[in-house]
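Q: what follows is a protein structure lacking sequence information:
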């Protein structure tokens, strides 16, 4: 067997050994001190998200509620006076909310915001994301005076609206 062939076969075996040797470090501190100051690998706990109406979407019928939305698409049952047949809101971890709105006239709107923000529909409805983290969001629905047909959205970390 030639010298080059032997090196090619041995090289893959030497790489992990050399890398492990390079990763070790010497220290003047005893091992017990290292483990006492090690940082935990678990995520830090977040304060629980709570809304005045919990997760009860039925409380939003008159667009006067504060609910917690977690993960999946949540259908919000709104009164017919808002002119909306379908209103879906979804929390997308870590800090994004998406909205799908279908109006009684067949028009649809899709939007999202990142972080806290406000989604305002010309149909007389405002949705405010008050708190958001990787576990969910506290969302406040409020009726508002109609201000034409213009829909608006804001987000502390960005937002967009699609008609």
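A: Thanks, I have the structure now. Since the structure is predicted, the reported quantities are computational estimates derived from the model, not experimental observations. Residues are numbered from 1 along each chain as shown.
Q: for this structure, what spans make up the helices?
A: Applying DSSP state H to the chain gives helices spanning 3-23, 31-36.
Q: separation between residue 142 and residue 134?
A: 26 Å (CB to CB, to the nearest Å). Bear in mind the C-beta positions are built from the backbone N, C-alpha and C, glycine included.
Q: which of the two has more residues huddled nearby?
A: The residue with more neighbours, out of residue 142 and residue 134, is residue 142; 16 against 10, by other CB atoms under 10 Å.
Q: residues contacting that one?
A: Shown in contact with residue 142 (CB atoms under 8 Å, 6 or more residues apart in numbering): 63, 64, 125, 126, 127, 128.
Q: repeat for residue 143
A: Neighbours of residue 143 in contact, by CB under 8 Å, 6+ apart: 62, 63, 64, 82, 124, 125, 126.
Q: do that again at 7 Å, thanks
A: 62, 63, 64, 124, 125 (CB atoms under 7 Å, 6 or more residues apart in numbering).
Q: what is the burial count for the residue lying closest to residue 109 once chain neighbours are set aside?
A: By the measure of CB to CB, 6 or more residues apart in numbering, the closest residue to residue 109 outside its immediate chain neighbours is residue 101, 4.4 Å from it. The burial count assigned to residue 101 is 26, neighbours taken as other CB under 10 Å.
Q: can you point out the buried residues in stretch 138-157?
A: Neighbour-count burial for stretch 138-157, counted by 16 or more other CB atoms under 10 Å, picks out 138, 139, 140, 141, 142, 143, 151, 153, 155.
Q: break down the chain into its strands, ranges please.
A: 65-69, 74-75, 84-92, 96-103, 108-114, 117-121, 125-133, 136-143, 152-155, 159-162 (DSSP state E).
Q: so can I have TSV of those showing mean pLDDT and distance to residue 51?
A: Listed next are the strands of the chain as TSV, based on pLDDT from 0 to 100; distance: least, CB to CB, whole Å:
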stretch	mean pLDDT	distance to residue 51
strand 65-69	96	4
strand 74-75	96	12
strand 84-92	96	12
strand 96-103	96	14
strand 108-114	96	17
strand 117-121	95	16
strand 125-133	95	8
strand 136-143	96	5
strand 152-155	95	19
strand 159-162	94	21
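Q: okay, these in TSV with distance to residue 48 next?
A: Putting these into TSV (distance: least, CB to CB, whole Å) gives the following:
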stretch	distance to residue 48
strand 65-69	9
strand 74-75	18
strand 84-92	15
strand 96-103	19
strand 108-114	22
strand 117-121	21
strand 125-133	10
strand 136-143	10
strand 152-155	23
strand 159-162	26
